[in-house]
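Asker: Predicted model and sequence follow; I will ask about them next.
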Amino acid sequence: MNYHKRPDKVNIVAHAQARKVIDIVVENGKVTHLQLQRLELSPFVEPFLRGQEFQEAPTIAARISGSCPATGQLNFINALEKILGVSPDLEIRNLRRLLILATWIETHAAHIYLYQAPKFLHYDNVLAMANDPQLKPQVERGLRLKKIGRTLLKIIGGQKEYPTTPCVGGFYTTPSPQELQSLKADLIWGLNAAAETVEWVTTNLPLPDFKSEREFVSLWHPIEYPIFGDRLTSSKGLTIPAEMFRNHFPIGSIKYAANGNGNVNGNGNGNGNGNGNGNEFYALSTPNQPYHVGPLARINLHRDKLTPQAAQSLAATKLTFPNSNPFTGIIARSIELVHAFEEAYDLIEHYTPPQPSRKPVDPRPGEGSSLIESPHGPLYHYCCLNQHGIVQQAQVATPASLNLKQMEQDLRRYLPRLLTLNAQEIYHYCQQLVDSYEPSITKTTPFLSLKIGHKH
């Protein structure tokens with residue numbers, strides 16, 4: 001029986017990540033206008049959550065999270081468990097944390113070696129970088145690091161990309177200790193390789209010297225380096241529970257119409273209902289002020305909670321804090337890679353399969369929300385269930401929406417030093433900056449559209 005009508009018309013169903021447009025106006029050698037729009041496709045996916053039974057919905061939520069499906073899936077599960085009064089045992093919580101660490105390992109390794117390093121070294125892509133005999137070992141190291149993360153994700157999640165084992169109440173199935181122990185040798189190698197990554201990134205990549213004041217935001221946990229948590233904190237004193245998130249950060253989208261040439265024009269507020277024609281896109285609504293989330297924010301706010309070897313690697317970089325250079329995000333990302341390997345090894349060493357693997361859950365009405373630290377920053381989910389456990393409403397706020405205004409502000413401050421360069425060079429350096437927040441992996445090409453208008 002359908003207790004809630006599902007959408008009967010959705011014109012576009014697409015990958016959750018989307019392209020960005022930077023619109024720049026230069027007058028008499030000065031930047032007088034700059035707008036960064038991230039054309040977001042997740043509003044077309046959100047409607048599919050409505051009408052879903054509570055155990056089915058997390059699988060769809062994973063699709064909204066782009067390159068980090070496990071974080072979206074587990075965060076939606078956390079929100080549902082708050083509604084349904086489920087409190088997972090420590091063994092389930094630790095296995096979920098291990099699953100997220102696997103995602104961090106895979107995503108951070110890919111971000112560092114496949115996307116950011118080639119750009120900083122002025123290669124078109126990682127294949128061109130690998131053709132350099134001196135850099136090929138670095139690429140091979142990055143690929144092996146990424147593979148270890150994906151293998152760990154498959155052991156816990158059941159498959160390499162979209163996990164099938166997590167559910168409300170726990171896991172449908174859990175790995176045996178022997179399955180996880182089989183990865184210990186790889187994790188030891190990965191820990192050493194991650195530490196080498198920190199040294200290589202710090203000493204070999206020409207990171208621009210660009211500092212700009214910013215407010216860092218991340219989840220907070222009293223003991224652990226933040227992955228799970230019910231409170232957001234910032235470098236300027238913000239501290240709010242997850243339930244207050246929507247009071248401080250808008251959730252929604254702004255509708256834009258694109259013509260055949262790819263030009264984008266705002267035409268009002270989108271309601272995220274998935275309706276519209278094929279030439280409409282959705283840009284994330286953003287906070288009223290800039291915030292910086294992700295690895296650099298977490299390192300700035302919670303470096304005292306790093307694992308011992310990660311803390312040692314951080315000390316060796318000689319970075320000073322607070323650190324407000326967004327380009328050093330790649331160093332923060334490599335530090336977190338060390339942390340993820342070290343903590344993953346420790347969790348496997350002390351792993352005990354949860355018995356039972358999941359708790360019984362009965363449907364009931366209510367509202368719930370949850371925050372989780374994805375590799376790129378806090379991810380927020382809100383959900384409303386009816387008495388039958390059917391999703392009535394769901395909302396998502398991605399790290400991209402929190403970072404967008406800060407990215408725009410950084411571009412505005414960084415661009416004046418680039419204006420003597422040609423358009424291709426400006427594009428390259430803008431891409432370096434945007435990639436410092438999130439990777440340019442997307443199924444929309446080109447990922448970044450740069451439009452510069454000169455006025456005299």
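Answerer: Thanks, I have it. Numbers count the residues shown, from 1 in each chain.
Asker: Now do the helices in the stretch 1-150 of the chain.
Answerer: In order along the chain, the stretch 1-150 of the chain carries the following helices (DSSP state H, counting those that start in this stretch): 57-64, 69-84, 90-109, 117-120, 126-130, 136-157.
Asker: Now do the fourth one: everything it contacts.
Answerer: Contacting residues not belonging to helix 117-120 are listed as 124-126, 128-129, 138, 142, 201, 205-207, 330, 428, 431-432, 435 [CB atoms under 8 Å, 6 or more residues apart in numbering]. The way it works is simple: take the backbone N, C-alpha and C, and place the C-beta from them, glycine included.
Asker: Extract the CA atoms of that helix and return them as PDB.
Answerer: Extracted C-alpha coordinates of helix 117-120, given in PDB (Å, rounded to 0.1, in the frame of the first residue of the first chain):
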ATOM      1  CA  ALA A 117      48.900  16.800  -7.700                       C
ATOM      2  CA  PRO A 118      48.700  16.800 -11.500                       C
ATOM      3  CA  LYS A 119      47.200  20.300 -11.400                       C
ATOM      4  CA  PHE A 120      49.900  21.600  -9.000                       C
END
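Asker: sorry, back to before: please identify the most buried of the helices of the stretch 1-150 of the chain.
Answerer: Of all the helices of the stretch 1-150 of the chain, helix 69-84 has the most neighbours on average by mean count of other CB atoms under 10 Å, namely a mean of 25.
Asker: wait, is Ser369 part of a helix?
Answerer: No - per DSSP: H, G, I helix; E, B strand; the rest coil, Ser369 lies outside any helix segment and is strand.
Asker: Could you give the bridge partners of it?
Answerer: Tyr382 (DSSP bridges).
Asker: what packs against the helix or strand Glu425 falls within?
Answerer: Assigned by DSSP states H and E, Glu425 falls within helix 423-435. Counting contacts by 3 or more CB pairs under 8 Å, 6 or more residues apart in numbering; DSSP states H and E, helix 423-435 is packed against helix 117-120, helix 399-414, strand 448-455.
Asker: closest one to Gly170 among the helices of the stretch 1-150 of the chain?
Answerer: Across the helices of the stretch 1-150 of the chain, Gly170 has its closest neighbour in helix 90-109 (4.6 Å, CB to CB).
Asker: Just want the angle from that closest one to helix 69-84.
Answerer: Relative orientation of helix 90-109 versus helix 69-84 (axes from the mean of the first three to the mean of the last three CA atoms, to 10 degrees): 150 degrees.
Asker: from the middle of its chain, how far away would helix 90-109 be?
Answerer: 14 Å (CA atoms, centre = their mean, to the nearest Å).
Asker: quick check: angle from it to helix 136-157?
Answerer: 150 degrees.
Asker: just the CA coordinates of helix 90-109, formatted as CSV?
Answerer: The C-alpha trace of helix 90-109 is given here as CSV (Å, rounded to 0.1, in the frame of the first residue of the first chain):
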residue,chain,number,x,y,z
LEU,A,90,29.5,0.0,20.4
GLU,A,91,30.4,-2.8,18.0
ILE,A,92,28.0,-1.6,15.4
ARG,A,93,29.2,2.0,15.8
ASN,A,94,32.9,1.0,15.5
LEU,A,95,32.2,-1.0,12.3
ARG,A,96,30.3,2.0,10.8
ARG,A,97,33.3,4.2,11.7
LEU,A,98,35.6,1.7,10.0
LEU,A,99,33.4,1.9,6.9
ILE,A,100,33.7,5.7,6.9
LEU,A,101,37.5,5.5,7.3
ALA,A,102,37.6,3.3,4.3
THR,A,103,35.8,6.0,2.3
TRP,A,104,38.2,8.6,3.6
ILE,A,105,41.2,6.5,2.5
GLU,A,106,39.8,6.0,-1.0
THR,A,107,38.6,9.5,-1.5
HIS,A,108,41.7,11.3,0.0
ALA,A,109,44.1,9.2,-2.0
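Asker: for the residue nearest the centre of the chain, what are its contacts?
Answerer: Centroid-nearest residue in the chain: His376, 3.1 Å away (criterion: CA atoms, centre = their mean). Residues near His376 by CB under 8 Å, 6+ apart: Cys68, Thr107, Val293, Gly294, Pro399, Ala400, Asn403, Tyr437, Glu438.
Asker: again, only using 10 Å
Answerer: 65-68, 71, 107-108, 111, 293-295, 329, 333, 398-400, 402-403, 437-439 (CB atoms under 10 Å, 6 or more residues apart in numbering).
Asker: Over to Thr233?
Answerer: Contacts for Thr233 (CB under 10 Å, 6+ apart) come out as Phe216, Val217, Ser218, Leu219, Trp220, His221, Pro226, Thr239, Ile240, Ala297, Leu301, His302.
Asker: and the nearest residue to Thr164 once chain neighbours are set aside, how far is that from Leu99?
Answerer: Spatial nearest neighbour of Thr164, excluding adjacent residues (CB to CB, 6 or more residues apart in numbering): Gly158 at 4.1 Å. As judged by CB to CB, to the nearest Å, Gly158 and Leu99 stand 11 Å apart.
Asker: ditto for Ile105
Answerer: 11 Å.
Asker: joint contacts of these two?
Answerer: Counting by CB under 10 Å, 6+ apart, the residues touching both Ile105 and Leu99 are Leu152, Leu153, Ala344.
Asker: hmm, back to that, tell me, what's touching Gly158 and Leu99 both at once?
Answerer: Thr165, Pro166, Phe171.
Asker: Which strand residues bridge the second one?
Answerer: Which is Pro166. With DSSP bridges as the rule, Pro166 is bridged to Phe171.
Asker: what's the burial count for it?
Answerer: 25 (other CB atoms under 10 Å).
Asker: confidence score at it?
Answerer: For Pro166, the model assigns a pLDDT of 96.
Asker: the helices in the stretch 151-300 of the chain, which residues?
Answerer: 177-181, 184-204, 245-248, 295-302.
Asker: Which of the ones you listed sits closest to His350?
Answerer: Closest among the helices of the stretch 151-300 of the chain, using CB to CB: helix 177-181, at 10.1 Å.
Asker: and the closest one, what other elements does it pack with?
Answerer: helix 136-157, helix 329-349 (3 or more CB pairs under 10 Å, 6 or more residues apart in numbering; DSSP states H and E).
Asker: Serialize those to TSV and add fields for distance to Gly389 and mean pLDDT.
Answerer: Below are the helices and strands packed on helix 177-181 laid out as TSV (distance: least, CB to CB, whole Å; pLDDT from 0 to 100):
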stretch	distance to Gly389	mean pLDDT
helix 136-157	23	97
helix 329-349	31	98
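Asker: which one of these lies closest to Lys184?
Answerer: helix 329-349 (6.6 Å).
Asker: can you give me how far the closest one is from the chain middle?
Answerer: Counting by CA atoms, centre = their mean, helix 329-349 comes out at 16 Å from the chain centroid.
Asker: go on, stretch 204-213?
Answerer: On CA atoms, centre = their mean, the centre of stretch 204-213 falls 22 Å from the chain's centre.
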